[in-house]
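Engineer: model this:
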Amino acid sequence: MINMHTLKVGTLALCFSVFLGACASSGDSPTGTPSEVQEVQTQLLGDMPLPAASKIIGADSLIIGRGDNWVGRVTLSGVQTPTDIYAFFQSEYPRAGWTTISAVKSKTSILVFTKGDRTATVELNEGPLTGPKTMIVITSSPKNANVVAPSRK
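Structural biologist: Numbering: from 1, shown residues only. Sure thing, here's the model as predicted:
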């Protein structure tokens, strides 16, 4: 016969295991071989090269459209250090036809690029202690977006 204490501990352990399992696989990023993941990311983000093995975090991203005309924000996890990823963007974006407008290397690094009528802002932050080495946020928008300031009442 099972006593009440053993039942409570077993139930608690089961609930905790289910919770950890749910956290371990959120399903945000495309899955498959590295080339398949790269193909999906290219279909979404078009001519914006991404660092090797970086993965889209779907819950933190808002991608409107696809290919070379998408707008919004995409958040990625990177396996390289922020310094290595900064160097990647500085070298690879100009190779893909993007012009560097501004680049600031610091604890939070910011790079701004333009190409045609588009602007891309790349923000790099050190990742959490137990997570990816670098968090990457790319914001893409039309270069001359009509921004209206709120009116005072």
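Engineer: Which helix or strand contains Pro94?
Structural biologist: For Pro94, the host element (DSSP states H and E) is helix 82-95.
Engineer: and after that helix, which helix or strand comes next?
Structural biologist: strand 99-104.
Engineer: May I have that following strand exported as CSV, CA atoms only?
Structural biologist: Extracted as CSV, the C-alpha positions of strand 99-104 are listed here (Å, rounded to 0.1, in the frame of the first residue of the first chain):
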residue,chain,number,x,y,z
THR,A,99,26.2,49.6,-46.7
THR,A,100,27.4,50.1,-43.1
ILE,A,101,25.8,53.4,-41.8
SER,A,102,26.9,53.0,-38.2
ALA,A,103,28.7,50.5,-36.0
VAL,A,104,29.2,50.7,-32.2
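Engineer: In terms of secondary structure, what does that strand contact?
Structural biologist: helix 82-95, strand 109-115 (3 or more Cβ pairs under 8 Å, 6 or more residues apart in numbering; DSSP states H and E). Using the backbone N, CA and C atoms, a C-beta is placed for each residue, glycine as well.
Engineer: from the chain's centre, how far out does that strand sit?
Structural biologist: Mean-position distance between strand 99-104 and its chain equals 20 Å (Cα atoms, centre = their mean, to the nearest Å).
Engineer: Okay, buried residues for that strand please.
Structural biologist: By neighbour count on 16 or more other Cβ atoms under 10 Å, the buried set for strand 99-104 is empty.
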